[in-house]
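> model this:
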Amino acid sequence: MIIKTKRYKLENKTYINLAMRHLLRTQWRWAAVPVGILLLNLVLNLTGVYANWWIYLVALLVVVGYLLFWFIQFTGVTQLEQSKPMFQKFIYEIDSRQILMKLNTKEGMQLKWENIKGAVKEKEHFLLFFSRVQFLHLPFTIFNSENDIRFLESILKRKNLLK
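Numbers count the residues shown, from 1 in each chain. Prediction:
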């Protein structure tokens, strides 16, 4: 069986939002470092052992700087020439061997399942990851039926890509 989707283009703003959300979901543990430092500093301030207030500002700047760094990276990806295919209108043909991304009936490209590192199913879409910054966004609205969504989900589970 082959799943044929409607034509779809990933918008730059959608890409940045999805990438930032995925980054926060996968790397939330890094927030424990500044929070731990802040708690230690708070305990030291309250006990009177060590009075230091600038650490709160530094911890906040580190977190904001980290998020700003990734926001700039994801925004830059939308401007790169080699990332241009991610943001073109495609019709997807998905089967258990490959994903065909077609610009039209004569032009397109083939993605093997081996190139996909992981997948996530959320309530409105699938995300298929090639790397931290490259992914394929497949919203449920581009599928022609509920059966297509279930079939893609079963393919992803068979390939051990869906968690």
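
> counting contacts, what elements does the helix or strand containing residue 43 pack onto?
Applying DSSP states H and E as the criterion places residue 43 in helix 32-47. Counting contacts by 3 or more Cβ pairs under 8 Å, 6 or more residues apart in numbering; DSSP states H and E, helix 32-47 is packed against helix 54-79. C-beta coordinates here come from the backbone N, C-alpha and C atoms, glycine included.

> Against which helices or strands is the helix it packs on packed?
Contacting helix 54-79 under the criterion 3+ Cβ pairs under 8 Å, 6+ apart are the following elements: helix 12-26, helix 32-47.

> just to revisit the earlier point, name the residues of the helix holding residue 43 that come out as buried.
Residues of helix 32-47 classed as buried under the neighbour-count rule (16 or more other Cβ atoms under 10 Å) are 34, 41.

> Name the residues that touch the helix or strand of the chain with the lowest mean pLDDT?
When the helices and strands of the chain are compared on mean pLDDT, DSSP states H and E, helix 32-47 comes out lowest with a mean of 82. Residues outside helix 32-47 that contact it (Cβ atoms under 8 Å, 6 or more residues apart in numbering) are 50-53, 55-56, 59-60, 62-63.
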